[in-house]
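Q: What follows is a predicted protein model with its sequence.
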Amino acid sequence: MTTTTTITTPATTDDQPPPSTAPLLELVGVGKTYPAPGRARGRAVLKEVSHGFEAGRMSAIVGPSGSGKTTLLSLAGGLDEPTTGTVRFRGQDLAALGLAPYRRRHAATVFQSANLLTYLNPVQNVTSAMEITGSRRRRRRQHAHDLLDQLGIAPEDRGRSVLQLSGGQQQRVAIARALACDVDVLLADEPTGNLDEATASDIIAILRGLAHDGGKCVVVVTHSREVADASDEVLRLRRGRLART
Ligand SMILES: Nc1ncnc2c1ncn2[C@@H]1O[C@H](COP(=O)(O)OP(=O)(O)OP(=O)(O)O)[C@@H](O)[C@H]1O
């Protein structure tokens, strides 16, 4: 597998996103209702949410706890299906594309707790996410080393247990794993939630670099002001509706 993901991690960035283009990922009239005890119609968490997310930009989704941010991200990442409306990737409905193929080839999600496989080292965590087909073991390992290198994981840390890595290092490995298949859409749910300020800034710079320099469509759910400030657009979710701030 050969990829050309570019990651730069400047301490401060005054770079600009590319000019606006057609959305890569689109939510069209999306609603999500969960079953709820005592409510025959369930609980509507998202109502008629429509928005386009572009390649090369970083978008932040903010909103009160319980407003549906993670729900929205899981629909955008093909982890769940909307009750109404459609989620489209390059204009194609995910229901037609298939959620599993979408997740395998086009979209990956990074969570607050890095969710690494603790019995594997960083290299193995990254290679485990690579498609087996068309890529020999040695090439997968080399690609994993390249990604970990770009994300600042030193060679001596790549063979250690991930449990011996710091929270920031684990989050870097999680991002490398998310990029293993060179996805176009990178979704992150509170990626800096467990990190100190300096480490959080590094992760924000990485995500921004992936959007601006790597051309990824990056969508981040966050309670962090710093993440929101670093984003190209901030969208607020409230009472099931999404609005630009
Ligand atoms: N699988 C589910 N079944 C039923 N209800 C759910 C499910 N997942 C989420 N919910 C409910 O949907 C609402 C929105 O949850 P969600 O996790 O999307 O909010 P959030 O904005 O991400 O919250 P937080 O900021 O606290 O993480 C909550 O009331 C939650 O209890």
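A: Alright, I've got the coordinates. Note that this is a predicted model, so its numbers are computed, not measured. Numbers count the residues shown, from 1 in each chain.
Q: hey, let's count contacts and neighbours off CA atoms from now on
A: Fine.
Q: What are the boundaries of the helices in the protein?
A: For the chain, the helices defined by DSSP state H occupy 69-76, 94-97, 99-105, 122-128, 137-150, 167-178, 197-212, 225-230.
Q: Of all the ones you listed, which one comes closest to Glu54?
A: helix 197-212 (9.5 Å; C-alpha to C-alpha).
Q: how about that closest one as CSV, C-alpha atoms only?
A: Taking Å, rounded to 0.1, in the frame of the first residue of the first chain, the C-alpha atoms of helix 197-212 are listed here in CSV:
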residue,chain,number,x,y,z
GLU,A,197,-2.7,21.8,27.3
ALA,A,198,0.6,21.4,25.5
THR,A,199,-0.1,17.9,24.3
ALA,A,200,-3.6,19.0,23.2
SER,A,201,-2.1,21.8,21.1
ASP,A,202,0.1,19.3,19.4
ILE,A,203,-2.8,17.1,18.5
ILE,A,204,-4.8,20.1,17.3
ALA,A,205,-1.9,21.1,15.1
ILE,A,206,-1.7,17.6,13.7
LEU,A,207,-5.5,17.5,12.9
ARG,A,208,-5.2,21.0,11.3
GLY,A,209,-2.2,19.9,9.2
LEU,A,210,-4.1,16.9,8.0
ALA,A,211,-6.9,19.1,6.8
HIS,A,212,-4.8,22.0,5.3
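Q: same for it, what does it pack against?
A: With contacts defined as 3 or more C-alpha pairs under 8 Å, 6 or more residues apart in numbering; DSSP states H and E, the packing partners of helix 197-212 are strand 58-62, helix 167-178, strand 217-221, helix 225-230.
Q: try 6 Å this time
A: Here helix 197-212 touches no other helix or strand, going by 3 or more C-alpha pairs under 6 Å, 6 or more residues apart in numbering; DSSP states H and E.
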